[in-house]
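1. below are the sequence and a predicted model for it; my questions follow.
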Amino acid sequence: MLNGVMSKRYGTRAVAALAAVAALGLTGCSVDASKATPESKTFPFQGRTLDVKTHEIATDLVAVDRKDVKVTRWFDAAAGSEHLSWELKGNVLDIDAGCSGFAICDSKFKVEVPKGVTVLRDGEKTDLRGKS
């Protein structure tokens, strides 16, 4: 019985120590997508309606004089397993940028669409906002 109590006590202490070390390691870690180097990708588009799946990521939707759809992504991460994707299938543009696990990251997008295209944000009609 004594060994079980000792193991439990030391196990709890080890977990607490690891949590403290992790917390100390993260002080000073700050991420800011607006300071990240932007990446862009252009998709050919001929439709009249574009549904942008944002996965709740800050996304500016902007109407511009162009015939395609241009997506710009800013992403910054200090920890975690990254998952980055952008894909246009039919009239659905699926954009995602984040991280999982013990994670610290920030992301934002800007989507430039041709003038006259109806834009949905996650299936709901939305006004185009933002600056080109």
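-> Yes, it's here.
2. need the contact list for the nearest residue to residue 53 once chain neighbours are set aside.
-> Excluding the flanking residues, the one nearest residue 53 by C-beta to C-beta, 6 or more residues apart in numbering is residue 94, at 4.4 Å. The C-beta positions use only the backbone N, C-alpha and C, and glycine is treated the same way. Going by C-beta atoms under 8 Å, 6 or more residues apart in numbering, residue 94 touches 53, 85-88.
3. how far away is the closest residue to residue 118 other than its chain neighbours from residue 123?
-> With sequence-adjacent residues excluded and distances taken as C-beta to C-beta, 6+ apart, residue 118 is closest to residue 49, at 4.4 Å. Going from residue 49 to residue 123 by C-beta to C-beta, to the nearest Å gives 11 Å.
4. next one: residue 78
-> Distance, residue 78 to residue 123, by C-beta to C-beta: 32 Å.
5. the two: who's more crowded?
-> Between residue 78 and residue 123, counted using other C-beta atoms under 10 Å, residue 78 has the larger neighbour count: 14 against 10.
6. what helix or strand is residue 62 on?
-> strand 59-64 (DSSP states H and E).
7. with residue 94 instead?
-> According to DSSP H and E, residue 94 maps onto strand 92-114.
8. distance from the chain centre to that strand, please.
-> From the chain centre to the centre of strand 92-114 is a distance of 3 Å (C-alpha atoms, centre = their mean, to the nearest Å).
9. which elements pack onto the next helix or strand after that strand?
-> Downstream of strand 92-114, the next assigned helix or strand under DSSP H and E is strand 118-121. Counting contacts by 3 or more C-beta pairs under 8 Å, 6 or more residues apart in numbering; DSSP states H and E, strand 118-121 is packed against strand 49-53, strand 59-64.
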